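Student: Next one to model:
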Amino acid sequence: MATTLTTRWTGYQTLHRWRGHLAGSTTTRPYRRFIRHLTVLNARLGVKVVVNLRLPAGLSPAVQSPVSLAHAIREPLPCPMRTLQNGNPAFIGLGQSRDPEIDMLLQDPVPDPVETLAISPYLEMGAYEELWHRKGTTFKSLASILTLPSGRFPSQLVPQEKADASAAKTRSYLASAGVVNFGVAVNGTADYPKRLNDAVSPVALLYYQGWWNFTESPCVAVVGSRKPSPEGIARTRRLVRLLVNDEFTIVSGLAAGIDYTAHTTALDAKGLTIAVLGTPLSRTYPRENAELQKRIAETCLVISQVPVRRYESRDWRWNRRFFPERNKTMSALSKATIIVEAGEISGTLIHARAALRQNRKLFILDNCFRNPGLTWPARFEAKGAIRVREYDDIRRHLSA
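Tutor: Next up is the predicted model:
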């Protein structure tokens, strides 16, 4: 039986190194080292570890035991996962496990938990939602009390009982919409991309479905009008194919028009794409993109910063405020933003301003400059945006 391995822990790119250690192994030692690595990693940083491990034929069942029975005592947050061969998910967490062999591994010295503060994603989710349920909360107000230099987590501002209750309500909302497998990334932990803190008001917590490690890949945002011209759609397709060929991950907002074309072209070209939503994971806007959102969640990555309970308690007039905020997150996540086509008052320009403020490269396709009805391309070029006449203009600046 061949060895296969899938791990999903965020912030680390050691999957392929461990795959190499385990592939073809006929001894138990590499597997024990792998379990030890994940256990210490979790104890040190408080990250979730989900493992799908199938052992080669001939290895003793004792090796399978630590993996299949290593469940954390604290309730784990549901997240995208694979299951073990026996159908049980594997969570390795702090505290005593149900297997003596894992307990032995946990006895090894790790940093003082007071100094390294292992957090519960479940409680952080509940606390984040509870903070948003308070009157007057905005991304700006949350950032001012949670992010650097204060370095606080949401759970430090909300009593545990309220955070628990809020998390249960949030999970219920998501489950009722069919969102059972999801994860959260908390600002200030190892799995949260540092570049997202370049935003003026960094987001405290992100929900996601799919492969979180895609956030560590080289990302380029492709954005534009929700009602593009046929030429704009064609330009988007050509552009995305070239970016995928250069191994960039395509980031967009799952809106109609340019966003939809960027996502679908990336998927069809066997590339990576990240959808950053202006709604909770339980919602899709526009509704006709529901199947696309599901496809991206299954094969790539969907991200949302939108608080579930707050969203469900407001109408569309209030909730539309989340869309400009997600544009700032898209920009911060990306190495550069490319505007294919946009009107004079397009929401895309919010993204453009954020990109320049965050010191990201901003590319504007030449067709925007040649439109006599538009004044924004020249204004943004004067502020540092790059006019793109051919794809090599993008490639040259991205490789600089």
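
Student: Assign Thr137 to helix, strand or coil.
Tutor: coil (DSSP: H, G, I helix; E, B strand; the rest coil).

Student: scratch that, Ala167
Tutor: Recorded secondary structure, Ala167: helix (three-state DSSP).

Student: quick one: pLDDT of the closest residue to Phe139 other than its chain neighbours?
Tutor: Among residues not flanking Phe139 along the chain, Ser201 sits closest, at 4.7 Å (C-beta to C-beta, 6 or more residues apart in numbering). Heads up, the C-betas are built off the backbone N, CA and C, glycines and all. On the pLDDT scale, Ser201 is placed at 90.

Student: ok, Ser201 to Arg226 distance?
Tutor: Distance of Ser201 to Arg226, given as C-beta to C-beta, to the nearest Å: 25 Å.

Student: Identify the spatial nearest neighbour of Gln160, chain neighbours not counted.
Tutor: Nearest in space to Gln160, with sequence neighbours left out and distances taken as C-beta to C-beta, 6+ apart, is Leu123 at 6.7 Å.

Student: show me what contacts that neighbour?
Tutor: 155, 160, 163-164, 167 (C-beta atoms under 8 Å, 6 or more residues apart in numbering).

Student: Please name the nearest non-neighbouring residue to Leu146.
Tutor: Leu146 sits nearest to Ala204 (C-beta to C-beta, 6+ apart), 4.7 Å away.

Student: Compute the number of surrounding residues for the one you found.
Tutor: 25 (other C-beta atoms under 10 Å).

Student: my guess is it contacts Ala143, does it?
Tutor: Yes. Assessed by C-beta atoms under 8 Å, Ala204 is found in contact with Ala143 at 7.1 Å.

Student: Three-state assignment for Phe363, please.
Tutor: Relying on three-state DSSP, one would call Phe363 strand.

Student: Look up how far Glu298 lies from Lys270.
Tutor: Lys270 sits 15 Å away from Glu298, going by C-beta to C-beta.

Student: Repeat that for Ser201.
Tutor: Taking C-beta to C-beta as the measure, Ser201 and Glu298 are separated by 31 Å.

Student: give me the number of residues near the nearest residue to Gly224 once chain neighbours are set aside?
Tutor: Nearest in space to Gly224, with sequence neighbours left out and distances taken as C-beta to C-beta, 6+ apart, is Ile258 at 3.3 Å. Using other C-beta under 10 Å, Ile258 has 30 neighbouring residues.

Student: which residues touch Ile258?
Tutor: Contacts of Ile258 by C-beta under 8 Å, 6+ apart are 222-226, 228, 232-233, 236, 252, 340-341.

Student: Flag every buried residue along stretch 225-238.
Tutor: 225-226, 228, 232-233, 235-237 (16 or more other C-beta atoms under 10 Å).

Student: just stretch 139-146 next, same as before
Tutor: Neighbour-count burial for stretch 139-146 flags 139, 142-143, 146 (criterion: 16+ other C-beta under 10 Å).

Student: which residues sit against that stretch?
Tutor: Residues from elsewhere that reach stretch 139-146, judged by C-beta under 8 Å, 6+ apart: 131-132, 152-154, 157, 187-188, 200-204, 305, 325.

Student: any idea how far Leu131 is from Tyr122?
Tutor: 15 Å.

Student: Oops, could you answer that again for Gln209 instead?
Tutor: 16 Å.

Student: so where's the stretch 251-400 of the chain shaky on pLDDT?
Tutor: Scanning the stretch 251-400 of the chain for pLDDT under 70 picks out no residues.

Student: in it, which spans are helices?
Tutor: Using DSSP state H, counting those that start in this stretch, the helices found in the stretch 251-400 of the chain span residues 258-268, 290-299, 308-312, 316-319, 322-333, 348-357, 366-369, 376-382, 391-398.

Student: can you list those helices in CSV and add distance to Thr284?
Tutor: As requested, these are exported to CSV (distance: least, C-beta to C-beta, whole Å):
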stretch, distance to Thr284
helix 258-268, 12
helix 290-299, 4
helix 308-312, 13
helix 316-319, 13
helix 322-333, 13
helix 348-357, 20
helix 366-369, 28
helix 376-382, 29
helix 391-398, 30
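
Student: Asn181: which of these is closest?
Tutor: Closest to Asn181 of the helices of the stretch 251-400 of the chain is helix 290-299 (C-beta to C-beta; 8.8 Å).
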